[in-house]
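Participant: Here you go, sequence then predicted model.
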Amino acid sequence: ERYHYGMIGLGVMGRNLLYNIAENGFSIAGFDLDEEKVKELEEGTASGMKVKGALTLEDFVETLETPRKIILMVPAGKPVDAVLDNITPLLSKGDIVIDAGNSYFMDTNRRIADLSSKDLHFMGIGVSGGEKGARTGPSIMPGGDVEAFHLLKPMLEAISAKVNNEPCTAYMGKGSAGNYVKMVHNGIEYAIMQLISEAYDLLKRGAKLNNDQLYEVFKEWNNGEMNSFLIEITRDIFQQKDSLTDNYLVDQILDKAGAKGTGKWTSEQAMEIGVSIPTIDTAVTSRILSAYKEERVQASRLYTGKEITDPEDISLFINEVGDALFLATLISYAQGLSLLVKASEEYGFGIPLKDVVKIWRGGCIIRSVLLEKFYAAYTRDPNLSNILLDPEISELVKLKIKGLRKTAGYAVANGISSLGIQTALGYFDAYSTESLPVNLIQAQRDYFGAHTYQRIDREGVFHTSWQSVNN
Ligand code: 6PG
């Protein structure tokens, strides 16, 4: 009897996803170059699961029913190509290879073309939720060939997270749409994490809250309209004690952030296709800036004397920071989703925005109750170009904008860096301004470079021979 699925790459994510699949009644074989991992796989299998570890690729391929459905969970980039080089000669017409890692969408396009010339299907599938999500129910963003997708659909629906009994997985569109949606998910993830860190800094250095108080604030936020995975884990982080010292662990962690590339790709993509996502850009660049630790130390000694004034009313201040975080987060989602709208046109993905926010409601890192409101907005208008244009969302924005302005003002006045908060507000103000001052930029461009301009009162393209005024 052959196995339903195959998994290549038995690191934490691959292994957890494999057990999740097996637990849902699908038999599955696993392969990894590391034999230890293959052995551990069978040892860790619970009763009732049909799991087999394969020590050679040949054995692995032979074990699978046809058309074969092989999931790759290996690091993005060269490792994916290396696996494909080894496995494609062993496959037969109609087999499906599913890349579940954070691959760059252009790489997926290339691999789709490559494999289709061999009559094989290649699909890019975004999987979010970390280790735990992979095991107990992630959010899954599949894209690619529709017929191949339908073969996988029952399994994807079974293993994904559920919200109101509905699976957190849906078809995200053609080609590499699945990877693209996951990339933007990560860009939004970067932005929200940046914003949370800024709120933390304002509460810590501004309101002088200690970790126990921070825990209480995040707990309260998580119990209300800001309920989300990232707020929840932040709450818990403030209670984690260090095992090496008597301090809280968060205070012992070096302030240099790592990044594996998906945030950067999101920003590059937005620039490439002309979409404004400044809060995501800022989140990427803030991680870069954080790595200049030594220079920051030097500069902090040079530019001393920044005095932080106590907020007048602490509980009002905490509420304002909460509103700022809520609204800046909403604006970050708005930026990311607007990138998906444009990318869908640009690359012909056909991304259903309504389904994107629907499947992000559970399982993934950026899950939050706010997504329920976006889902309602796209239900009202599936072609909404920006969620800020939805009338009900606009009511929410109006409730929170004062807190965002006051928080941004406090941060600026007190020299507390808050790039994410400032750009979210700046984006909102530009987006909601009828006449921007770029008429002047157009005049300058035409002045020095004859780049031409359009007029507000008549059609056509104009150029003026601008006169210098000598006095
Ligand atoms: C997820 C995460 C996951 C991973 C990111 C982190 O949705 O489960 O986004 O994909 O944690 O790759 O990326 P950085 O290492 O770049 O922060």
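Facilitator: In hand now; what should we look at? Residues are numbered from 1 along each chain as shown.
Participant: What number of residues are in the vicinity of the closest residue to the ligand within the chain?
Facilitator: Taking Cβ to the nearest ligand atom, the ligand has its nearest neighbour within the chain at Ser128, 3.0 Å off. Any C-beta I mention is one placed from the backbone N, CA and C, and that applies to glycine too. Ser128 has 25 neighbouring residues, counting by other Cβ atoms under 10 Å.
Participant: Hmm, it is touching Lys182, no?
Facilitator: Yes - under the criterion of Cβ atoms under 8 Å, Ser128 makes contact with Lys182 at 6.5 Å.
Participant: Next, show the common contact partners of these two.
Facilitator: Taking Cβ atoms under 8 Å, 6 or more residues apart in numbering as the contact rule, Ser128 and Lys182 both touch Met141.
Participant: Now for the residue of the chain closest to the ligand: which residues touch it?
Facilitator: Ser128 touches Pro138, Ser139, Ile140, Met141, Lys182, His185, Gly363, Cys364, Ile365, Ile366, counting by Cβ under 8 Å, 6+ apart.
Participant: Backbone torsions only: list them for the second one.
Facilitator: Taking degrees, to the nearest 10, you get phi -90, psi 130 for the backbone angles of Ser139.
Participant: again with Tyr5
Facilitator: Torsion angles, degrees, to the nearest 10, at Tyr5: phi -130, psi 160.
Participant: burial count for the residue lying closest to it once chain neighbours are set aside?
Facilitator: Counting by Cβ to Cβ, 6 or more residues apart in numbering, Tyr5 lies nearest to Ile28, which is 4.3 Å off, once chain neighbours are set aside. Applying other Cβ under 10 Å, we find 27 residues neighbouring Ile28.
Participant: any idea of the pLDDT on the closest residue to Gly25 other than its chain neighbours?
Facilitator: Residue nearest to Gly25 in three dimensions, not counting chain neighbours: Ala158, with 7.4 Å by Cβ to Cβ, 6+ apart. According to the prediction, Ala158 has pLDDT 98.
Participant: could you dump the host helix or strand of Ala158 to CSV, C-alpha only?
Facilitator: Ala158 is located in helix 146-159, with elements delineated by DSSP states H and E. Output of helix 146-159 as CSV, limited to C-alpha atoms (Å, rounded to 0.1, in the frame of the first residue of the first chain):
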residue,chain,number,x,y,z
VAL,A,146,-5.9,24.9,-9.9
GLU,A,147,-6.2,21.2,-10.7
ALA,A,148,-3.2,20.3,-8.6
PHE,A,149,-4.6,22.5,-5.8
HIS,A,150,-7.9,20.6,-5.8
LEU,A,151,-6.0,17.3,-5.2
LEU,A,152,-4.4,18.8,-2.1
LYS,A,153,-7.4,20.8,-0.8
PRO,A,154,-8.9,18.1,1.5
MET,A,155,-5.6,17.6,3.2
LEU,A,156,-4.9,21.4,3.5
GLU,A,157,-8.3,22.0,5.0
ALA,A,158,-7.9,19.2,7.4
ILE,A,159,-4.5,20.3,8.8
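Participant: Please give me every residue in contact with Gln298.
Facilitator: So Gln298 contacts nothing (Cβ under 8 Å, 6+ apart).
Participant: Oh, that last question was meant for Ile441, not what I typed.
Facilitator: Counting by Cβ under 8 Å, 6+ apart, Ile441 has no contacts.
Participant: start at 871 instead
Facilitator: Noted, 871 is the first residue going forward, which turns the last one into Ile1311.
Participant: Can you tell me how far it is from His1321?
Facilitator: 10 Å (Cβ to Cβ, to the nearest Å).
Participant: Same check on Val931?
Facilitator: 59 Å.
Participant: likewise Lys1074?
Facilitator: 47 Å.
Participant: Those two: which has the busier surroundings?
Facilitator: Comparing Lys1074 with His1321 by other Cβ under 10 Å, the one with more neighbours is Lys1074, at 16 against 12.
Participant: Just say helix, strand or coil for the more buried one.
Facilitator: helix (DSSP: H, G, I helix; E, B strand; the rest coil).
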